[in-house]
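Q: Please find the sequence and the predicted model below.
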Amino acid sequence: MFKVMLGALFACSLIPQAHAAMPKSQIWLAKSHDNGITVKPLTSDDAYHNQPLVSAEGVYYTKEITSAERSQTDLFLYRFADNSHTNLTNTPESEYSPTIYPHKDGVSAIVVEPSGKQRLWFYPEEASLKPERIFEHIEPVGYHAWGKGEDLIMFILGEPHTLQFTDLSGHLPKVIAKDIGRSLAFNAKRNMYSFTFVEHGEQWFATYSKRLGSVKKHFQLPSSVKDYTWLDSDTLAYAIDNKVFTRNIDAPKSVKLWRNFEGYCKANITRLSFHEETLAFVCDR
């Protein structure tokens, strides 16, 4: 369990700028059970609440913190056990994209450093340990996903944005794809990474296999879809407006309406995270 610890602007709008007004958004939780589904707000809608990550312990997320001097973001954890919200970073820098770190107890995240550079950092669970930068030479990092062993993929900002594969050594990152989207994931059972990219004006859902060393295009996605989450090793979910649809990677022509959240979200659902029958989704205000 986390204890309170110490705590380049993006060249695009994937992550809000650290010192600019951020769009207001709200995180909701939808929990499936034997009698149906329970939906409740996890946060208020009066600030930027985004990038949820559902885990066994709770929900990690990014929240805007404002003062007379500045506006920045910190990482928070909502714990299922006691319904508490804890600021995990509490720093003057902005942190984004909390991700479970597989090699030590804690999370990895993107940090906008004082220099303006965006690098990948590790924030330990133990309060007596200091956060540490994971890579000195790899930046600007936008998003990331850990795989098996010490492998990971990273969204690297540029013209165009690229998906790069490396490991904890950071040795010779390999460019996997270009013109990629922000949603990265790892499917452990299938031992493959997943992502989206645009080719000839069309958006594709694709996977990368380290074993094969190749990218496979699976199916096209509507251009409005910016985020997805795996429900299991075969099925992914994504939102259009305020409805969530599912698609089986082995039968991609069949698109099914899974959840209709129009009674809770009047605008658009922009992000999703699923773990053990619990779905977190972000609704733009």
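A: Structure received.
Q: okay, CA-based contacts and neighbour counts for the rest of this
A: Noted.
Q: Gly170 against Phe135, yeah?
A: Yes: contact criterion CA atoms under 8 Å: Gly170 and Phe135 qualify, at 6.7 Å.
Q: What about Leu272, how many residues nearby?
A: 27 (other CA atoms under 10 Å).
Q: Repeat that for the one 5 residues further on.
A: Counted by other CA under 10 Å, the residues lying close to Glu277 total 11.
Q: mind listing what it touches?
A: Counting by CA atoms under 8 Å, 6 or more residues apart in numbering, Glu277 touches Lys31, Ser32, His33.
Q: Specify the beta-bridge partners of Ser94.
A: Val112 (DSSP bridges).
Q: Pro140 versus that one, what's the distance?
A: To Pro140, Ser94 is 14 Å away according to CA to CA, to the nearest Å.
Q: Which one (most neighbours) among the contacts of Glu277?
A: Neighbour max across the contacts of Glu277 (other CA under 10 Å) = Lys31, 17 neighbours.
Q: Which pLDDT value belongs to the residue nearest to that one when sequence neighbours are not counted?
A: Nearest non-adjacent residue to Lys31, counting by CA to CA, 6 or more residues apart in numbering: Thr278, 4.6 Å away. The model reports Thr278 with a pLDDT of 98.
Q: ok, what's across the strand from Thr278?
A: Here Thr278, judged by DSSP bridges, has bridge partners Lys31, His275.
Q: how about it, what does it touch?
A: Leu29, Ala30, Lys31, Ser32, Val54.
Q: and if you look at Thr196?
A: The neighbours of Thr196, taking CA under 8 Å, 6+ apart as the test, are Ile180, Gly181, Arg182, Ser183, Leu184, Gln203, Trp204, Phe205, Ala206.
Q: which ones are touching the fifth one?
A: Leu184 makes contact with Tyr143, His144, Ala145, Ile153, Tyr193, Ser194, Phe195, Thr196, according to CA under 8 Å, 6+ apart.
Q: Would you list the buried entries among those residues?
A: Buried members of those, counted by 16 or more other CA atoms under 10 Å: Tyr143, His144, Ala145, Ile153, Tyr193, Ser194, Phe195, Thr196.
Q: returning to what we had before: out of the contacts of Thr196, which one sits closest to His103?
A: Leu184 (18.9 Å; CA to CA).
Q: Output stretch 47-63 in PDB with nothing but the alpha carbons.
A: Output of stretch 47-63 as PDB, limited to C-alpha atoms (Å, rounded to 0.1, in the frame of the first residue of the first chain):
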ATOM      1  CA  ALA A  47     -11.200  19.800 -12.200                       C
ATOM      2  CA  TYR A  48      -9.100  17.600 -14.400                       C
ATOM      3  CA  HIS A  49      -9.500  14.000 -13.200                       C
ATOM      4  CA  ASN A  50      -8.100  11.600 -15.800                       C
ATOM      5  CA  GLN A  51      -6.000   8.600 -16.700                       C
ATOM      6  CA  PRO A  52      -7.500   6.000 -14.300                       C
ATOM      7  CA  LEU A  53      -5.700   2.700 -13.800                       C
ATOM      8  CA  VAL A  54      -7.800   0.100 -11.900                       C
ATOM      9  CA  SER A  55      -5.800  -2.300  -9.800                       C
ATOM     10  CA  ALA A  56      -6.600  -4.900  -7.100                       C
ATOM     11  CA  GLU A  57      -5.900  -2.200  -4.400                       C
ATOM     12  CA  GLY A  58      -7.800   0.700  -6.000                       C
ATOM     13  CA  VAL A  59      -7.700   3.200  -8.800                       C
ATOM     14  CA  TYR A  60      -4.700   5.300  -9.600                       C
ATOM     15  CA  TYR A  61      -5.400   8.600 -11.400                       C
ATOM     16  CA  THR A  62      -4.100  12.000 -12.400                       C
ATOM     17  CA  LYS A  63      -5.600  15.100 -10.900                       C
END
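Q: Just the buried residues of it, please?
A: So for stretch 47-63, counting by 16+ other CA under 10 Å, buried means 47-55, 58-63.
Q: chain center to stretch 147-159, what's the gap?
A: How far stretch 147-159 lies from its chain's middle: 13 Å, per CA atoms, centre = their mean, to the nearest Å.
Q: no, scratch that, I was asking about stretch 137-145
A: 13 Å.
Q: Report the mean per-residue pLDDT for that stretch.
A: For stretch 137-145, the mean pLDDT works out to 97.
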